[in-house]
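Peer 1: Take a look and give me a structure for this.
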Amino acid sequence: MSTASKYLPADERRAATVEAVIELAATQNPSDITTAAIAGHMHLTQGALFRHFPSKDAILQAVMEWVAEQLLARVERAAQDAPSPLAALEAMFLAHTAFIAEHPGVPRMMFGELQRTGDSLPRRMVRTLLGRYGERLQQLFAEGKASGEIDPALDTEAAATSFIGSIQGLVMQSMLSGDVARIRRDAPRVYAIYQRGIRSAP
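Peer 2: Numbers count the residues shown, from 1 in each chain. Now for the predicted structure:
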C-alpha cells in the first residue's frame, strides 16, 4: 500500500483501512491482527489510525459493512443478468467464489467473527449478511419451482444451507492447498453437482 502514508480525506482513509485489514487477513489469523499491525501496514502511527476509528471493533465493523455491501451487490448484479432462476443461482455461486478469489481475507474475517465468543456488532453483521443472502436464495428457489426448473419438493431451507456450505467447502479446500485461484477452477464443477440435486427431473 504505497500511497497509504500520504494525506487522504477521511472517507478514503477509512476505505484504505478496510482494504489493509482484508489484505492482512489473507495471510494471517484475523484474531492476531492488531491495530499496530494495521497501522504498520498502512505506514501510519496508531494515533493516526485512531483518529478515524475509536477501537479495533469499530474497524472490524467497517470491514463487515464493506463485505456485506460489496458481496450482496455483486451477487445481486449477477442474478439480475441471468435469464432464469437456475441460471441466476449459478451466476450467484460463481460471482461469490470470484469475490472470494479476489479477496481471500474475507472468509477468514467472517469465520473469525463467527468463532468469537460474545455477541459483538461485527458478529451480528455477519449473521445479518448470511440471513439476507439466504432470503435471496429462497426467493430464487420459489421462482424456480414456479417456473418448473426446480424440483417442487425441494427443501429450500436445506438447499440454501447446502449452497452456502458448498462455497465454504471450496474456501476450505483453497486454504488447505494454499492456492486461492483453485476456487475459481473448482466452482463450476461443484455447482454442476449441486444443481443436479435441486433441478426438476427431465
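Peer 1: what element comes up after the helix or strand harbouring residue 139 heading to the C-terminus?
Peer 2: Using DSSP states H and E, residue 139 maps to helix 121-147. Downstream of helix 121-147, the next assigned helix or strand under DSSP H and E is helix 156-177.
Peer 1: measure the residue nearest to residue 48 when sequence neighbours are not counted to residue 18 for me?
Peer 2: In space, and not counting its chain neighbours, residue 48 is closest to residue 39: 7.0 Å by C-beta to C-beta, 6 or more residues apart in numbering. Where you see a C-beta, it was placed from the backbone N, CA and C, and this is true even at glycine. Distance, residue 39 to residue 18, using C-beta to C-beta, to the nearest Å: 14 Å.
Peer 1: Kindly report the same for residue 96.
Peer 2: Distance, residue 96 to residue 18, by C-beta to C-beta: 19 Å.
Peer 1: Also residue 104?
Peer 2: 15 Å.
Peer 1: Ok, residue 180 next?
Peer 2: Residue 180 is 19 Å from residue 18, by C-beta to C-beta.
Peer 1: Between the two, tell me which one has more neighbours.
Peer 2: residue 18 (19 against 16; other C-beta atoms under 10 Å).
Peer 1: Residues contacting the worst-scoring helix or strand of the chain on mean pLDDT, please?
Peer 2: Within the chain, no helix or strand scores below helix 105-115, which has a mean of 80 by mean pLDDT, DSSP states H and E. Identification of contacts with helix 105-115 by C-beta atoms under 8 Å, 6 or more residues apart in numbering yields 21-27, 29-31, 60, 63-64, 67, 71, 99-100, 120, 122-123, 125-126, 129, 168, 171.
Peer 1: ok, residue 62 - contacts?
Peer 2: Residue 62 neighbours (C-beta under 8 Å, 6+ apart): 14, 17-18, 53.
Peer 1: so which of the residues you listed is the most crowded?
Peer 2: residue 17 (26 neighbours).
Peer 1: Confirm that one sits in a strand?
Peer 2: No: applying DSSP: H, G, I helix; E, B strand; the rest coil, one finds residue 17 to be helix, outside a strand.
Peer 1: Run through this protein and note the low-pLDDT ranges.
Peer 2: Along the chain, segments meeting pLDDT under 70 span 1-7.
Peer 1: Residue 153 - how many residues pack around it?
Peer 2: When neighbours are counted by other C-beta under 10 Å, residue 153 comes out with 7.
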